[in-house]
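Asker: Turn this into a model:
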Amino acid sequence: MRRTVTKSIAIIGEGETEWFYFDSLRVACRYPFKVAPDFPQHSDINHILKLVESYLNKQYDYIVCLFDMDRLLQFPTEMQLYQRAKKKYDAKKYAGKVMFVETNPCTEFWFLLHFLPNVACRRYESYEQLIPELQKYMPGYEKTKRYFIRTNLYKYLTENGDLERAMLNSEKLCQLCKESPEDLMAYSEIHKVIELLNK
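Answerer: Residues are numbered from 1 along each chain as shown. Got it, this is the predicted structure:
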């Protein structure tokens, strides 16, 4: 999995979970990408979009924005902003430079995909619904800075789970969501980020 990334990539996460996961992946695989913001914090859609413009101005080759859909679904005004921005950055002008990567309900679902033996359509309305299932595989998991500092997320997931399985599960679920979007099932597009890093 260790390949040299020759492109400049900024990965922008909404919160601490994304920051700690991608920072641990960056260190473990020696990828030279940037995780933004520079320190883990909770960012709203406006802050993320400002960071996108900033990295575009700095001529980054790729800008990846990670979004937890449970949060956006709770705030209709943020969801509208998100949808407008997604449409804007899908335009030819940006030619695939800006990727909006969704996980429903939250990034922890990507973690769970490392452990599930097969793809099952699941529905989790929130982090709170998903966490008991994840804790079966990651005992003691909690969404706290203390836990993230103590646990190297990427290392734990690859040593105790299976990244290839997570990638396959993620791809299959995204396909199922395209076929029946009205089902609002759990899914993650994080496999697209891993694929980009390994190009």
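
Asker: Determine the longest helix present in the protein.
Answerer: helix 163-179 (DSSP state H).

Asker: which other residues reach that helix?
Answerer: For helix 163-179, contacts defined as C-beta atoms under 8 Å, 6 or more residues apart in numbering pick out 1, 110, 113-119, 121, 157, 183, 185-191, 194-195. Every C-beta, even on glycine, is put in place using the N, C-alpha and C of the backbone.

Asker: per-residue pLDDT, the closest residue to Y127 other than its chain neighbours?
Answerer: Nearest residue to Y127, sequence neighbours excluded (C-beta to C-beta, 6 or more residues apart in numbering): C106, at 4.7 Å. Looking at C106, its pLDDT stands at 94.

Asker: K50 - how many residues pack around it?
Answerer: Number of residues near K50 (other C-beta atoms under 10 Å) recorded here: 12.

Asker: List the contacts of it.
Answerer: K50 neighbours (C-beta under 8 Å, 6+ apart): none.

Asker: roughly how far apart are it and A10?
Answerer: 13 Å (C-beta to C-beta, to the nearest Å).

Asker: L113 too?
Answerer: From L113 to A10 the distance is 24 Å (C-beta to C-beta).

Asker: ok, those two, which is more surrounded?
Answerer: More crowded of L113 and A10, by other C-beta under 10 Å: L113, with 27 against 21.

Asker: Now do the helices in this protein.
Answerer: Under DSSP H, the chain gives helices at 16-29, 45-57, 69-74, 76-89, 108-112, 127-135, 145-150, 153-160, 163-179, 190-197.

Asker: For M99, which of those is the nearest?
Answerer: Within the helices of the chain, the stretch nearest M99 is helix 190-197; the backing value is 6.5 Å (C-beta to C-beta).

Asker: What is the closest one packed up against?
Answerer: strand 9-12, helix 16-29, strand 62-68, strand 98-104, helix 163-179 (3 or more C-beta pairs under 8 Å, 6 or more residues apart in numbering; DSSP states H and E).

Asker: Right, I'll call it a day here.
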